[in-house]
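Asks: Give me coordinates for this.
(one chain, ligands or ions: 2)
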Amino acid sequence: MTVSEVKASEVKASEVKASGVTASGARPEVAVDRIELSGLRVRGRHGVLPAERELGQVFVVDLVLELDTRDAAASDDVVDTVHYGEVAEDVAAVVAGEPVALLERLAQRVADVVLARERVLAVEVAVHKPQAPIGVAFDDVVVRVRREAPARGADGGDGGPGGTPVVLALGSDLGDRAEVLRSAVASLARVPGLVLTGVSPVVESAPVRLPGTEAAERPDEEQQPFLNAVVVGRTTLAPLDLLAACHRVEAGHGRVRRERWGPRTLDVDVVDLGGAVARDDERLLLPHPRAHERAFVLMPWSLVAPAAHLAGPGGGVEGGGGAP
Ligand SMILES: Nc1ncnc2c1ncn2[C@@H]1O[C@H](COP(=O)(O)OP(=O)(O)OP(=O)(O)O)[C@@H](O)[C@H]1O
Ligand SMILES: Nc1nc2c(c(=O)[nH]1)N=C(CO)CN2
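Replies: Numbers count the residues shown, from 1 in each chain. Ligands and ions are numbered 1, 2, ... in the order given. Next comes the predicted model:
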């Protein structure tokens, strides 16, 4: 049975607004914010003249990093942005390192080391050489370059066309649910080794709670319906690394594990990974043991991949996936 043949009557498709990522794999909508670091002063031995190689001189570097800072704004955690102190050290090592003749080459090297940081989308580099050997009075000489990162994540970068097909289910019933899903898709699209090729519409449904933990049991809790979506793609990550990446994206969106099936800002489950059936390691059961009975997973999945099959013993509606 394909996932689109499942009865999903309790889930209604809401307006189609999940994305930011298209099925063709275009880069997701990202904010282009800037971190500017200017006046880095480092001694180096770059130059065309032998005297410059011998004596060295001061080089001054200005940087403008372009990146999306929304994850960091949400988490207030430096791991979700680019640490400017570390960038400064990387750049200082380049300038103090192996001499080159031209400022153009030095600027390229600086750009390369900054772009090696995964979150940097582009960088502007200015390399000044205020003590350059110029036989006329002058204030400064500077070479400026702007370089962009090679395509990553949803652009088909390091996930590679040969990766394993992957299906991830997203859910949110706390906070600004639609924004959380949109931002989570953007975060997943930036995970190295994961390429997103499609995002389902968002669907809305009543929370399915464990018996005895329904709304009446916690009158204080904000009660909202769930918004769910499914993303499909390919990955070169090892299975547990993929799960860890999903957990990082959850944590970056304020996920707190308080109770099983309880309200959450963001849940990201691995529904399917290349059709693998894995039941030995509780940390990652494949396919997800409850996916086959969850309309809030199967319906959006069927909308983004109508011909998809759910693998393993849970691969039919009547399957034995071990629910709940
Ligand atoms: N396919 C899978 N996808 C995500 N987590 C899984 C999977 N298989 C096993 N797990 C494990 O399940 C544990 C609980 O996951 P989580 O907190 O997301 O549960 P939940 O959302 O409350 O319930 P459910 O797993 O039914 O969606 C995780 O620590 C994870 O290691
Ligand atoms: N409607 C809905 N109910 C749920 C969901 C969910 O994503 N949507 N997730 C759960 C545990 O992962 C438990 N219940």
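
Asks: Give me every residue in the chain lying close to ligand 2.
Replies: By C-beta under 6 Å from any ligand atom, the residues of the chain that approach ligand 2 are G171, S205, P207, V208, F226, N228, W261, D267, F296. From N, CA and C alone the C-beta is placed, and that goes for glycine too.

Asks: got the contact list for D267?
Replies: By C-beta atoms under 8 Å, 6 or more residues apart in numbering, the contact set of D267 is A169, L170, G171, S172, E250, R255.

Asks: Try it again at 7 Å.
Replies: L170, G171, E250 (C-beta atoms under 7 Å, 6 or more residues apart in numbering).

Asks: Roughly how far does it sit from ligand 1?
Replies: For D267, the distance to ligand 1 (C-beta to the nearest ligand atom, to the nearest Å) stands at 5 Å.

Asks: how about the helices in the protein?
Replies: 50-55, 70-75, 84-96, 103-115, 177-189, 239-252, 295-304 (DSSP state H).

Asks: Show me what residue of the chain gets nearest to ligand 2.
Replies: As assessed by C-beta to the nearest ligand atom, ligand 2 sits closest to G171 within the chain, at 2.7 Å.

Asks: Can you tell me who that residue pairs with across the strands?
Replies: N228, D267 (DSSP bridges).

Asks: okay but it is in contact with P225, surely?
Replies: No. G171 is beyond contact range of P225, at 10.6 Å (criterion: C-beta atoms under 7 Å).

Asks: So those two - more neighbours on which side?
Replies: G171 (26 against 15; other C-beta atoms under 10 Å).

Asks: I'd like the distance between the more buried one and V256.
Replies: Separation of G171 from V256 (C-beta to C-beta, to the nearest Å): 15 Å.

Asks: likewise A74?
Replies: From A74 to V256 the distance is 14 Å (C-beta to C-beta).

Asks: more neighbours, these two?
Replies: A74 (17 against 12).

Asks: Give me the buried stretch members for stretch 85-93, please.
Replies: By 16 or more other C-beta atoms under 10 Å, the buried positions in stretch 85-93 come out as V87, V91, A92.

Asks: which stretches of the stretch 51-200 of the chain have low pLDDT?
Replies: Applying pLDDT under 70 to the stretch 51-200 of the chain flags residues 150-162.

Asks: Provide a list of residues in contact with the residue of it at minimum distance from ligand 1.
Replies: In the stretch 51-200 of the chain, the residue that lies nearest ligand 1 is G171 (7.7 Å; C-beta to the nearest ligand atom). If a contact means C-beta under 7 Å, 6+ apart, then G171 has F226, N228, D267, F296 as its contacts.

Asks: and with 6 Å instead?
Replies: G171 makes contact with F226, N228, D267, according to C-beta atoms under 6 Å, 6 or more residues apart in numbering.

Asks: swap in E148?
Replies: Neighbours of E148 in contact, by C-beta under 6 Å, 6+ apart: A122.

Asks: and the buried residues of stretch 85-93 as JSON lines, adding distance to V48?
Replies: Output for those, formatted as JSON lines (distance: C-beta to C-beta, whole Å):
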{"residue": "V87", "distance to V48": "28"}
{"residue": "V91", "distance to V48": "22"}
{"residue": "A92", "distance to V48": "23"}
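
Asks: Can you tell me which of those is nearest V114?
Replies: V114 has its nearest neighbour among these in V87, at 6.0 Å by C-beta to C-beta.

Asks: Without its sequence neighbours, what residue ends up closest to that closest one?
Replies: In space, and not counting its chain neighbours, V87 is closest to V114: 6.0 Å by C-beta to C-beta, 6 or more residues apart in numbering.

Asks: where along the stretch 201-324 of the chain do the strands fall?
Replies: Applying DSSP state E, counting those that start in this stretch to the stretch 201-324 of the chain gives strands spanning 203-205, 226-235, 267-273.

Asks: quick check: domain ranges of the protein?
Replies: The chain breaks down into these domains under automatic domain parsing: 3-27+155-304, 33-150.
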